[in-house]
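**Q** here are the coordinates; sequence isn't available:
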């Protein structure tokens, strides 16, 4: 079945505090040096461990290892994707740096990649104290001519995360959105409890799919509401304004919407309101076709008529 | 102490919407019918899913709609394959806090790019920012096993009845070595032993159940011996050969690594990788072999994390 679907991208820049071990490790990368963690058994771990897996004590002993190492395992990535270290085909490898006992994962810019290959770090030109300060690895040995010096640990690292999805609606959601495109609001009735859900959905009380399609009015009553006084990023209206639960005539579940055209202080429970639709030329398969609700001037609905919907 | 048995199972290979609710309704209904149990007779509900899979916040909360939560129910959730939710429900019954439980898992793996989404389960400081992807990491594991001479690329292909030919997807993995990403849902019904025997003639009694995890660092463990699977099998009391095993192996080389740990007369083929329900489905399928009388002993296995980092072993007996 072809229901409405749309692309959805979720993105967030994660800022992560590093602590004493990873903070020094990342600071080392910024200075083109690789630090490993020495644990109680004498093994050197790169990337470093924060806690000793044997004694469970915090790791304090960081030792410098070589920026050159040996490929322990590898694979080829023929189609790089967004965010990866290189934008042309490259290898992924587990690389054991000289002086380390454990391998780390990184990209290798070499077409003839092989187990046992000697590779060295290619440093990024701009280094910020991040794992990406290692641009990638490349075949060869590096000269170790770094001067040891003290440096401040990195406290925070930022990693942008972006994920792309195709968001797909259910048959019920699809029907609801297509009705909105025609200026109609529909719900569906639960075959068990007979309640009309707007938008239609699986009945959360009975766990059954909704059945009979029911057209409901574009007017109803305020069940409960709040006055928004707090400004926030991306806010479209100037506070104070009212967001209310509106129980449409014919529905058993209220929807959330804005109440405008009235002072925030004058909005009441039970107040009768009607939808104010946007200009018809702007209608599409979205709840945004209804701009807001406004009072109709009818007498307030009695509490008994909406009490069970709070 | 109680013993616990599987008394019902159902699964589906689709998920139309990113919420998954619509897919769950028939699956839960079918599992309850299989167990001969009414919805209101379920003492405890437990689910496995992740919002990252379909990019939808609190998807496990909307999934509760599929249960019907009025009057109030006892419910819990794990951000893992629902095989781990089954473990929670198993403990609940062992502890005497419930007599029956329904466990379900669901996910729409095709809503996003699964390989990319799974990068986010890696170490967030030193690995995830590189976006290596699940297939690439599995390939590094496969290479180590091939280099160690544990098996050949032909052996890997034979797992899915193929020959090692054709182009590499991420060498040494070819297309047929990587399970198809799928949408899906599954439900398993558990009951304490007395109740189980009243519900069906031949329940699949859980004789051992354990899960273990290996260190997160990919270089911190031997990727070819799967220590956490070995430990879980030992803790589940698995010794000797069972009649049949259903292994959760998204890659052919992982099936071969796991067969070294779980010895069985035969192995149920693994189909598609329906994240968050695939592991639970393996246990349901293994239980189905016992309940149907085709097997006396069976193992259901589930994995989670990169390169078989976490493993769960459920031993079932007639």
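**A** On my side now, so go ahead. What you see is a predicted model, and the numbers here were worked out from it, not measured in a lab.
**Q** Show me the strands in the stretch 201-318 of chain B, by range?
**A** Ranges of strands in the stretch 201-318 of chain B, per DSSP state E, counting those that start in this stretch, are B:204-213, B:242-246, B:264-267, B:273-274, B:297-304, B:310-317.
**Q** so how far is the last one from its chain's centroid?
**A** Think strand B:310-317. Taking the mean of its C-alpha atoms, strand B:310-317 sits 10 Å from the chain's own mean (C-alpha atoms, centre = their mean, to the nearest Å).
**Q** neighbouring strands for that strand, and are they parallel or not?
**A** strand B:204-213 (antiparallel), strand B:297-304 (antiparallel) (DSSP bridges).
**Q** Next, the buried residues of the first one.
**A** So that's strand B:204-213. B:204, B:205, B:206, B:207, B:208, B:209, B:210, B:211, B:212 (16 or more other C-beta atoms under 10 Å in any protein chain shown). C-beta coordinates here come from the backbone N, C-alpha and C atoms, glycine included.
**Q** Name the nearest residue to the residue of the stretch 51-200 of chain B found nearest chain A, sequence neighbours excluded.
**A** Per C-beta to the nearest C-beta, residue B:68 is where the stretch 51-200 of chain B lies closest to chain A, at 2.8 Å. Closest residue to residue B:68 apart from its sequence neighbours, by C-beta to C-beta, 6 or more residues apart in numbering or on different chains: residue A:207 at 2.8 Å.
**Q** Residue A:30: neighbouring residues, count only.
**A** Using other C-beta atoms under 10 Å in any protein chain shown, residue A:30 has 18 neighbouring residues.
**Q** Now do the contacts for it.
**A** A:127, A:128, A:129, A:133, A:151, A:154 (C-beta atoms under 8 Å, 6 or more residues apart in numbering or on different chains).
**Q** ok, of those, which come out buried?
**A** So, by 16+ other C-beta under 10 Å, the buried ones in these are A:127, A:129, A:133, A:154.
**Q** from memory the second one sits against residue A:26, does it?
**A** Yes - with contact defined as C-beta atoms under 8 Å, residue A:129 and residue A:26 form a contacting pair (4.1 Å).
**Q** any common contacting residues for these two?
**A** A:154, A:157.
**Q** phi, psi of the residue in the stretch 151-300 of chain A positioned nearest to chain B?
**A** Chain B sits closest to residue A:207 of the stretch 151-300 of chain A, with a gap of 2.8 Å, by C-beta to the nearest C-beta. For residue A:207, the backbone dihedrals (degrees, to the nearest 10) come out as phi 70, psi 30.
**Q** Centre-most residue in chain A?
**A** The centroid of chain A falls nearest to residue A:10 when counting by C-alpha atoms, centre = their mean (4.7 Å).
**Q** and the helix or strand hosting that residue, what does it pack onto?
**A** Secondary structure from DSSP states H and E places residue A:10 in strand A:5-17. Judged by 3 or more C-beta pairs under 8 Å, 6 or more residues apart in numbering or on different chains; DSSP states H and E, strand A:5-17 is in contact with strand A:156-168.
**Q** Do any residues in the strand it packs on lie close to chain B?
**A** Yes - residues of strand A:156-168 contacting chain B under C-beta under 8 Å from any C-beta of the partner chain: A:157, A:159, A:161, A:163, A:164, A:165, A:166, A:167, A:168.
**Q** hmm, which of the residues you listed are the buried ones?
**A** A:157, A:159, A:161, A:163, A:164, A:165, A:167, A:168.
**Q** Give me the below-cutoff pLDDT ranges for the chain.
**A** Because you didn't say which chain, this covers chain A. A:1, A:144-150 (pLDDT under 70).
**Q** let's do chain B instead
**A** Using pLDDT under 70, the flagged stretches of chain B are B:1, B:15-19.
**Q** and the most centrally placed residue in it, what does it touch?
**A** Per C-alpha atoms, centre = their mean, the C-alpha nearest to the average position across chain B is that of residue B:279, at 0.9 Å. Counting by C-beta under 8 Å, 6+ apart, residue B:279 makes contact with B:81, B:82, B:83, B:84, B:105, B:248, B:301, B:302, B:303, B:304, B:312.
**Q** re earlier: surely the residue nearest to residue B:68 meets residue B:67?
**A** Yes - Residue A:207 lies in contact with residue B:67 (C-beta under 8 Å); the separation is 5.1 Å.
**Q** any common contacting residues for those two?
**A** Residues within reach of residue A:207 and of residue B:67 at once, by C-beta under 8 Å, 6+ apart, are B:28, B:39.
**Q** one step back: just curious, which of the buried residues of strand B:204-213 is nearest to chain A?
**A** Looking across these and measuring by C-beta to the nearest C-beta, the closest to chain A is residue B:212, at 14.3 Å.
**Q** The closest one bridge partners, please.
**A** residue B:311.
**Q** ok, now residue B:183?
**A** Applying DSSP bridges, one finds that residue B:183 bridges with residue B:108.
**Q** Can you pull the domain assignment for chain B?
**A** Residue ranges for the domains of chain B, per the TED database: B:4-112+B:180-199, B:114-177, B:206-317.
**Q** In a markdown table: these, plus distance to residue A:215.
**A** Listed next are those as a markdown table, based on distance: least, C-beta to C-beta, whole Å:
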| stretch | distance to residue A:215 |
| --- | --- |
| domain B:4-112+B:180-199 | 22 |
| domain B:114-177 | 40 |
| domain B:206-317 | 37 |
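**Q** Out of the ones you listed, which is closest to residue A:137?
**A** Residue A:137 lies closest to domain B:114-177 among the domains of chain B, at 11.7 Å (C-beta to C-beta).
**Q** That closest one near chain A at all?
**A** Yes - counting by C-beta under 8 Å from any C-beta, chain A is contacted by domain B:114-177 at B:116-117, B:120, B:123-133, B:136-137, B:139-141, B:143-144, B:147, B:168, B:170-173.
**Q** so how far is that domain off the chain centroid?
**A** The chain centre lies 19 Å from the centre of domain B:114-177; the measure is C-alpha atoms, centre = their mean.
**Q** same deal with stretch B:199-208?
**A** 19 Å.
**Q** Near chain A, which residues of the stretch 201-318 of chain B are found?
**A** Checking the stretch 201-318 of chain B against chain A by C-beta under 8 Å from any C-beta, the hits are B:215, B:217, B:218, B:219, B:220, B:223.
**Q** Which among these count as buried?
**A** B:217, B:218, B:219, B:220, B:223.
**Q** Between the residues of the stretch 201-318 of chain B next to chain A, which sits nearest residue A:139?
**A** Taking these together and measuring to residue A:139 by C-beta to C-beta, the closest member is residue B:219, at 20.6 Å.
**Q** Look up how far residue B:281 lies from the closest one.
**A** 32 Å (C-beta to C-beta, to the nearest Å).
**Q** Likewise for residue B:311?
**A** 16 Å.
**Q** ok, back up a step: who touches the residue nearest to residue B:68 in this structure?
**A** Per C-beta under 8 Å, 6+ apart, neighbours of residue A:207: B:25, B:28, B:39, B:65, B:66, B:67, B:68, B:69.
**Q** Now secondary structure too, for the residues you listed, in TSV please.
**A** Shown next, in TSV, are those (DSSP: H, G, I helix; E, B strand; the rest coil):
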residue	secondary structure
B:25	helix
B:28	helix
B:39	helix
B:65	helix
B:66	helix
B:67	coil
B:68	coil
B:69	coil
